[in-house]
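1. Here's a sequence, model it:
(2 chains)
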2 protein chains.
Amino acid sequence: MPGRTVLALDIGGTKMAAAVVDRGGRVSAAARVPTPQGRRLDGETLWKTVLALLDRFTSGVGAKQVVGVGVGCGGPMSWPDGHVSPLNIPAWRSFPLRERLQERFPGIPVRVHNDAVCVAVGEHWRGAGRGTANVLGMVVSTGVGGGLVLGNRLIDGASGNAGHIGHVVVEPDGPECTCGGRGCLEAVARGPAIAAWARANGWRHPQGTARDVADDAARGHAVAIQALARAGAALGVAIASATHLLDLDVVAVGGGLSQAGPLLFDPLEEAFRRHARMEWARSVRVVPAALGQEAGLVGAAALVLSGSRYWNAD
Amino acid sequence: MPGRTVLALDIGGTKMAAAVVDRGGRVSAAARVPTPQGRRLDGETLWKTVLALLDRFTSGVGAKQVVGVGVGCGGPMSWPDGHVSPLNIPAWRSFPLRERLQERFPGIPVRVHNDAVCVAVGEHWRGAGRGTANVLGMVVSTGVGGGLVLGNRLIDGASGNAGHIGHVVVEPDGPECTCGGRGCLEAVARGPAIAAWARANGWRHPQGTARDVADDAARGHAVAIQALARAGAALGVAIASATHLLDLDVVAVGGGLSQAGPLLFDPLEEAFRRHARMEWARSVRVVPAALGQEAGLVGAAALVLSGSRYWNAD
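-> Sure thing, here's the model as predicted:
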């Protein structure tokens, strides 16, 4: 079916993106809108925003050419039925996203997965992990998420939750995590944790974000440099653990914080090399993600386009 | 092909076992011999011991009924070509085990994998993980090894080394590990590390093993109890990390040390519950392995008997 396309949707707490993606993974059109906010926002209003976004594409490409709909959405969610309760979208709690989309697009596959899983799938299919069989894709941002493709197949786990690299333990007695646990990678390396650590150690930006930390680090601010180094080291430890457990080919690190470049990746590499000593483990490539903000859309499309490689449910 | 059987072989540094396994995973005959020792032992002599062990079975069941040969062997090895260099069998370095067996059994599949991987496969196929799709099988003994079945398929990794749970980092600044890294689970929880920690903390058994520690712990010896608790806690942390990354159904813990029972499993459970707080992660079952010393043989047979579920190479 050359020329036919997939509608891809990437739903996050800050923005929602939609695009038309062809069978080669090319994003031929994309639109982004801010995710409606507000404590009184209800789920149906938000759904109408999604529908309006999608209608811009179905009119453009012709509804008959759409062979499927792939969606990445913030977790948690029940999977594969796609009842979503995104942490950062309080208007949706057990919102039946997949069913609603299926009603709107009857007769074609509609598939919903975690947004970080879609990023990992995108990086495996068309990004930094292309051509390799075993990929961990990571998103380091407000949270730390991820997804796994092993033996060229997406790993879903018992409940669709495989890939939670953010909750690999890097310091058993470390800081409390939002998950209720302790010493998780996310508790150390997520953006707000980096900014909080910098502030606790003398960085004077009461409202500053991890991006501000990164900017100051680039200017040579010692505490800011240390704050990124601490996060990088935690990432290196978690990636060493993941590589030992999974014998990976490629780890693709994306998300806003990966923009910090060597200030994050050099300490990451150093910690990784310290812990991953066996020859087979050292051969993994830890690289920045390649697809940028399109990774989630490309991966969402791949849920539909790649047979059972990235979708083993229903 | 009912009634036809597989020859299974389990080669470790202490003993070698061979058995006839039927399509249902039943071990209908098994024999064990001590692994020949000695610094001057050469690889060919050892190979002759293996051949003699196998000949006892091929005469017994009739060579024509053997549909394949499955082997678990101590690592490291190159995979899938099965050139083995078992840590505890110095006589074999890059020994072409798979080729030699293929010469002996022409025309039928011969498959070789890591011995801990075979234990995990056995536990998934016929043991504690039976009927579930996502299983981590562990062997806690002189080393800490493991294997992974995810989505009902064995995970091999890039070089056949997936499953190395023993090198998940549980204390970034912890003890040095034999792998060259630091703070690995194995550096804390393997038998010799448990005994060494107990001795360093006042346990007076210059030649004592982890089994002696376990015996003393059962009698109420405080340091021995603490030594097992420390290992159990490290296991709990590593299992929490693995569960978060992989969304497992079952973790089956085998190997000699798992015989210590609640003295090991209670602290394990406590650490696991402290770190694994999300509902989906808490639902994993961490249980003792079910097949005992037959697990490796049953899993080795499954490499041959279960189509592509446990073998995706060649």
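2. what does the stretch 51-200 of chain A have sitting close to chain B?
-> A:76, A:132-134, A:148, A:150-151, A:153, A:155-172, A:179-184 (CB under 8 Å from any CB of the partner chain). Any C-beta I mention is one placed from the backbone N, CA and C, and that applies to glycine too.
3. what ranges do the helices span in the stretch 51-200 of chain A?
-> Using DSSP state H, counting those that start in this stretch, the helices of the stretch 51-200 of chain A run over residues A:97-104, A:115-126, A:185-189, A:191-200.
4. Show me which of the residues of the stretch 51-200 of chain A next to chain B are buried.
-> For those, a burial check counting by 16 or more other CB atoms under 10 Å in any protein chain shown picks out A:76, A:132-134, A:148, A:150-151, A:153, A:155-172, A:179, A:181-184.
5. which one of the helices of the stretch 51-200 of chain A is the most hemmed in?
-> Ranked by mean neighbour count, those are led by helix A:115-126 with a mean of 30 (mean count of other CB atoms under 10 Å in any protein chain shown).
6. Would you mind pulling up the elements that that helix packs against?
-> strand A:5-11, strand A:66-73, strand A:135-140, strand A:144-150, strand A:153-154, strand A:250-254, helix A:295-305 (3 or more CB pairs under 8 Å, 6 or more residues apart in numbering or on different chains; DSSP states H and E).
7. Take the buried ones among the residues of the stretch 51-200 of chain A next to chain B and keep only those in strands.
-> Of those, the ones assigned to strands by DSSP state E are A:148, A:150, A:153.
8. ok, so of the residues you listed, who is nearest chain B?
-> Nearest to chain B out of those is A:Leu150 (CB to the nearest CB; 5.3 Å).
9. Can you name the residues that contact that closest one?
-> A:133-134, A:246, B:150, B:155, B:157, B:162 (CB atoms under 8 Å, 6 or more residues apart in numbering or on different chains).
10. What residues does the stretch 201-314 of chain A have near chain B?
-> Residues of the stretch 201-314 of chain A that fall close to chain B, judged by CB under 8 Å from any CB: A:233, A:237, A:240-242, A:244-249, A:271, A:274-278, A:280-281, A:283-284, A:312.
11. among these, which are in helices?
-> Counting by DSSP state H, those place A:233, A:237, A:240-242, A:244-246, A:271, A:274-275, A:280-281 in helices.
12. can you name the two of those that are farthest apart?
-> The span of those, defined through CB to CB, is set by A:Ala233 and A:Trp280 at 22.6 Å.
13. so what's A:Val286 closest to, chain neighbours aside?
-> Nearest residue to A:Val286 in three dimensions, chain neighbours excluded: A:Val251, at 4.6 Å (CB to CB, 6 or more residues apart in numbering or on different chains).
14. ok, what's across the strand from that neighbour?
-> A:Leu136, A:Val286 (DSSP bridges).
15. ok, it - contacts?
-> A:135-138, A:239, A:242-243, A:284-287.
16. Check those for burial and list the buried ones.
-> Buried among the contacts of A:Val251 (16+ other CB under 10 Å): A:135-138, A:239, A:242-243, A:284, A:286-287.
17. from these, which is closest to chain B?
-> Nearest member of the buried ones among the contacts of A:Val251 to chain B, counting by CB to the nearest CB, is A:Ala242, at 6.1 Å.
18. I'd assumed B:Gly183 was in contact with A:Arg277.
-> No - using CB atoms under 8 Å, A:Arg277 is not in contact with B:Gly183; the gap is 12.0 Å.
19. just to revisit the earlier point, narrow the residues of the stretch 201-314 of chain A next to chain B to just the buried residues.
-> Buried among these (16+ other CB under 10 Å): A:233, A:237, A:240-242, A:244-249, A:271, A:274-278, A:280-281, A:284.
20. Can you tell me the closest non-neighbouring residue to A:Leu41?
-> Leaving aside its chain neighbours, A:Leu41 sits nearest to A:Ala91 (4.5 Å; criterion: CB to CB, 6+ apart).
21. Phi, psi for that neighbour please.
-> The phi/psi pair for A:Ala91 (degrees, to the nearest 10) reads phi -70, psi -20.
22. Just the pLDDT for it.
-> We have a pLDDT of 95 for A:Ala91.
23. The one 10 residues further on now?
-> A:Leu101 is assigned a pLDDT of 97 by the prediction.
24. need the contact list for the closest residue to chain B within the stretch 51-200 of chain A.
-> Going by CB to the nearest CB, chain B is nearest to A:Gly157 of the stretch 51-200 of chain A, at 2.3 Å. Applying CB under 8 Å, 6+ apart, one finds that A:Gly157 lies in contact with A:163, B:134, B:150, B:246-248.
25. Compute the distance between it and B:Ala238, please.
-> Distance, A:Gly157 to B:Ala238, by CB to CB, to the nearest Å: 17 Å.
26. And for A:Glu279?
-> Using CB to CB, we find A:Glu279 at a distance of 22 Å from B:Ala238.
27. got the end-to-end distance for stretch A:10-29?
-> 14 Å (CA to CA, to the nearest Å).
28. okay, and for chain A, where does confidence drop off?
-> Within chain A, the segments meeting pLDDT under 70 span A:1-3, A:60-64.
29. The residue nearest the centre of it: what's it in contact with?
-> Geometric centre of chain A, nearest residue: A:Ala116, 2.4 Å, by CA atoms, centre = their mean. Going by CB under 8 Å, 6+ apart, A:Ala116 touches A:72, A:75, A:137-139, A:145-147, A:163.
30. List the buried residues in stretch A:257-276.
-> Under the neighbour-count criterion of 16+ other CB under 10 Å, stretch A:257-276 has A:257-258, A:260, A:263-265, A:267-269, A:271-272, A:274-276 buried.
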